[in-house]
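*Asks:* got a sequence here, can you model it:
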Amino acid sequence: MKAFLLAAGLGTRLRPLTDSIPKCLVPIDGRPLLSWWLDLLERYGVTDVLINLHHLPAQVREFAERYRGPVGITLMMEEELLGSAGTLHANRDFVAGDEQFLILYADNLTDADLGALIAFNAEHPAPLTVGLFHASDPRACGIVQLDESGTIMEFVEKPERPNGDLASAGLFVARPELFEYLESDGYPRDFGGSVMPKLVGRMNGMPVHGYLRDVGTHENLSRAQDEWRRVISGDAG
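*Replies:* Okay, here's the model as predicted:
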């Protein structure tokens, strides 16, 4: 299994912290965020990960050079940000010949059960299977409506008037058919804004279990620091 770990964001909401450190290396309980991600990927049998770079890339390269775990790391520099969908399109050869692959938003901190998401996509094949969670602020998320089979029949990115709170967790299992929905020009392109609306009725979703928090703001990062200690100590409840 291979994974795209989308990590090239500027982290503007975390300034001034991200003026000197890329968001994907922000420390959580004394370790860079990427380090926690690599632990999670190893746990679920990911053999290779592609991480895109843009802001302060030398620090990410240094981190990758020091990494001694079993997950192979491919770094892809974006001189200009391609957007999440653009990154996938530009690096489609990374997963050539693979039946399934993961797409993960690196600005989340999570211990989600990726194995269950992979198994759901294997049992219910679709170009995209979306990991879902119940959002406390649905207006800040991509909100879905599921039918009884788990097919996503509606997707609205950051709705002003949400119809529910079931949201994309930034955790996806995809199949090669996904690339049929990726346009080849017009960078940058956002995955949620440009691609997922085209997949309504063709993608499915399932709630994921485990801890999940977007650490892209100072408030969320502070909350994550306290919560994560309880998660890794087994006292998350």
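
*Asks:* by contact count, what packs against the biggest strand by length in the chain?
*Replies:* Longest strand in the chain, counting residues (DSSP state E): strand 166-174. Contact partners of strand 166-174 among helices and strands, from 3 or more Cβ pairs under 8 Å, 6 or more residues apart in numbering; DSSP states H and E: strand 101-105, strand 108-110, helix 114-123, strand 128-134, strand 142-146, strand 204-207. Placement of C-beta: from N, CA and C, glycine included.

*Asks:* relative to strand 128-134, how tilted is it?
*Replies:* For strand 166-174 against strand 128-134, the angle by axes from the mean of the first three to the mean of the last three Cα atoms, to 10 degrees is 150 degrees.

*Asks:* how about residues contacting strand 166-174?
*Replies:* When contacts are defined by Cβ atoms under 8 Å, 6 or more residues apart in numbering, strand 166-174 is touched by residues 100-105, 107-108, 110, 112, 114, 117-118, 120-121, 127-135, 138, 141-146, 155, 192, 196, 205, 207-208, 212, 214.

*Asks:* what about stretch 144-155, start to end distance?
*Replies:* With Cα to Cα, to the nearest Å as the measure, stretch 144-155 spans 5 Å from end to end.

*Asks:* start at 31, not 1
*Replies:* Shifting the count to begin at 31 puts that one at stretch 174-185.

*Asks:* quick one: average pLDDT of it?
*Replies:* The average pLDDT within stretch 174-185 is 91.

*Asks:* repeat that for stretch 188-201.
*Replies:* The average pLDDT for stretch 188-201 rounds to 86.

*Asks:* got the buried residues for it?
*Replies:* Across stretch 188-201, burial judged by 16 or more other Cβ atoms under 10 Å covers P189, P192, L196, A197, S198, A199, G200, L201.

*Asks:* what does stretch 148-168 give?
*Replies:* 148, 150-151, 156-163, 165, 168.

*Asks:* longest helix in this structure, please.
*Replies:* If you go by DSSP state H, the chain has its longest helix at helix 248-262.

*Asks:* circling back to that earlier point, make JSON lines out of the buried residues of stretch 148-168 and add pLDDT and distance to L118.
*Replies:* Output for the buried residues of stretch 148-168, formatted as JSON lines (pLDDT from 0 to 100; distance: Cβ to Cβ, whole Å):
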{"residue": "I148", "pLDDT": "97", "distance to L118": "18"}
{"residue": "F150", "pLDDT": "96", "distance to L118": "20"}
{"residue": "N151", "pLDDT": "97", "distance to L118": "16"}
{"residue": "A156", "pLDDT": "96", "distance to L118": "16"}
{"residue": "P157", "pLDDT": "97", "distance to L118": "12"}
{"residue": "L158", "pLDDT": "97", "distance to L118": "11"}
{"residue": "T159", "pLDDT": "97", "distance to L118": "15"}
{"residue": "V160", "pLDDT": "96", "distance to L118": "14"}
{"residue": "G161", "pLDDT": "96", "distance to L118": "16"}
{"residue": "L162", "pLDDT": "95", "distance to L118": "20"}
{"residue": "F163", "pLDDT": "91", "distance to L118": "22"}
{"residue": "A165", "pLDDT": "83", "distance to L118": "23"}
{"residue": "P168", "pLDDT": "83", "distance to L118": "25"}
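
*Asks:* now P206, what are its backbone angles?
*Replies:* phi -60, psi -30 (degrees, to the nearest 10).

*Asks:* show me where this structure dips below the pLDDT cut-off.
*Replies:* For the chain, the stretches flagged by pLDDT under 70 are 41, 44, 47, 214-218, 265-267.

*Asks:* count of neighbours near V186?
*Replies:* A count of nearby residues for V186, using other Cβ atoms under 10 Å, gives 20.

*Asks:* give me every residue that touches it.
*Replies:* V186 sits next to G172, I173, P192, N193 when contact means Cβ under 8 Å, 6+ apart.
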